[in-house]
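>>> build me a structure from this.
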Amino acid sequence: MLINMNDIFCKIGSIGIIPVVKLSSAELAYDLGKALLKGSIPVAEITFRTDAAEESIRILSKEFSDLLVGAGTVTTTEQVKKAKAAGASFIVTPGLNPKVVAFCQEVGIPIIPGVNTPSLVEEALEMGLEVLKFFPAEASGGVKTLKALDGPYEGKASFIPTGGVNTKNLAEYLACSNVFAVGGSWMVPSEAVEACDFKTVERLCHEARLLSLGFDLLHVGINGSNAEESLANAKLLSEMFGMPAKEGDSSIFVGTIFEIIKSKGRGTNGHIALSTLSVERALAWLSTFGIHPIKETIKQEKGKITLAYLDKEVMGFSLHLSKK
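You can find the predicted model right below:
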C-alpha cells in the first residue's frame, strides 16, 4: 500500500482534531466509524492498548474509504507491522523511539512521535520529522510551553498536543501558531462507546469540530449607494447606539459592529464578516456544504490565509472569513 504522506498530513491539518480511541472489542469499530463520519470528524487514532486494536483498524480501513485511520500508542516495530498490514495510514507514538521512527520511514508510513522538550524536538527534526505529538500536553506546561517552543522552532516544527486537551482549552491550543491539530478522547468517551451510545459520540464529534473552528461575528458591512448616504446613515447609527464613527477611504466603521460601505461592495446588500481560529480549517469545513473561497480575495501572511470571501450569499449578504 502506497501512502502519500503529504495527503495524510494535509487531511489531519484540515480537520484539526484527532479522536483518540480505545476499543475493547473490534465489534464496536463499524458503528464507531459511522458515528465519526456523521459527526464530521473523518479521522481516528485507534490505540494499541487493547487486543482489539489491529482488527478494529482493519475493519475501519476496509469499510470506510472516507475515514483516515491511524494507529496510536505504538511502541514497537512489530506493532507498526500489524498496524500497516491492517490498513493504518499513520502511526502515533507516545515518545520518540529512534528504532520505531526509522522503521516507519523504511516502510513508508507517516509517524507522529511524542515529544515534550527542546532536546526531543531537535532530535525529531534531525530525523526529518516536522509534525510532532506534544505529549503529555497539560502535564508538560500546555499552551505556555508550546508558545515557548515557537520561538526557536518557528516554521520548523508543528505540534499535535494530546493529553489533557478538552472543550475548555481546545480553542486556546488551536490558537497557537505552531499547533497543527489536537488529539483527545472527550468526543469518544469510553462509557458511550462501550454502551454502544454512538448518537452521543456523533453529537460530541460535531460539537468538537465546530468548537475547533471558533466562529465569531466580527461585523456586518452594509452597502451604500453613495458616500453622502453612507455618511448620513453612519452618523445616525453612531448617535442611536452611542458608538464612535471612524471614516476610512472606502467605508465608515461604527463601533466594531457596523461597516457602512460608501459604494456598492461585495454582496447584493453587503457582507457579514466572521472570525475563525483557522481559515484553512474553516474552508475545509465549508467545502462540505459546497461553499468555496473566491480565489482573488484570498490574503495570506507567513503562509497562512488571513482573509477570504466565500462564493455564497445569504439573504443578499456575502460572507468573508478572517483569522483571529
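
>>> list the contacts for Gly164?
For Gly164, the contact set (CB atoms under 8 Å, 6 or more residues apart in numbering) comprises Pro136, Ala137, Glu138, Ala139, Gly142. Bear in mind the C-beta positions are built from the backbone N, C-alpha and C, glycine included.

>>> repeat that for 7 Å
Applying CB atoms under 7 Å, 6 or more residues apart in numbering to Gly164 gives the contacts Pro136, Ala137, Glu138, Ala139.

>>> buried among these? Make that a PyMOL selection.
Buried subset of those, written as a PyMOL selection, criterion 16 or more other CB atoms under 10 Å:
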select buried, resi 136+137+138
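
>>> list the contacts of the helix or strand where Leu149 lies.
Under the criterion of DSSP states H and E, Leu149 resides in helix 142-153. The contact list for helix 142-153, computed with CB under 7 Å, 6+ apart, reads Pro118, Val121, Phe134, Phe159, Pro161, Glu172, Tyr173, Cys176, Ser177, Asn178, Val179.

>>> Gly303 - how many residues pack around it?
Neighbour count for Gly303, taken as other CB atoms under 10 Å: 6.

>>> equivalent analysis for Lys133, please.
29.

>>> just the one 10 residues further on next, same as before
Burial measure for Val143: 16 neighbouring residues, criterion other CB under 10 Å.

>>> low-confidence stretches in the stretch 1-150 of the chain?
Applying pLDDT under 70 to the stretch 1-150 of the chain flags the ranges 1-4.

>>> what ranges does it have for its strands?
Listed in chain order, the strands of the stretch 1-150 of the chain (DSSP state E, counting those that start in this stretch) span 17-21, 43-47, 68-72, 90-92, 111-112, 114-115, 131-134.

>>> tell me the strands beside the fifth one, with direction?
The reference is to strand 111-112. Paired strands of strand 111-112, with direction, are strand 90-92 (parallel) (DSSP bridges).

>>> and if you look at the first one?
For strand 17-21, the paired strands and their directions (DSSP bridges) read strand 43-47 (parallel), strand 182-184 (parallel).

>>> possible to save the ones you listed as a markdown table with mean neighbour count and distance to Ile57?
Below are the strands paired with strand 17-21 laid out as a markdown table (neighbours: other CB atoms under 10 Å; distance: least, CB to CB, whole Å):
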| stretch | mean neighbour count | distance to Ile57 |
| --- | --- | --- |
| strand 43-47 | 27 | 5 |
| strand 182-184 | 24 | 16 |
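
>>> for those, give me TSV that also has distance to His206.
Listed next are the strands paired with strand 17-21 as TSV, based on distance: least, CB to CB, whole Å:
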stretch	distance to His206
strand 43-47	14
strand 182-184	15
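
>>> about what we covered before: from the contacts of helix 142-153, which two are the most distant?
Pro118 and Glu172 (21.5 Å; CB to CB).
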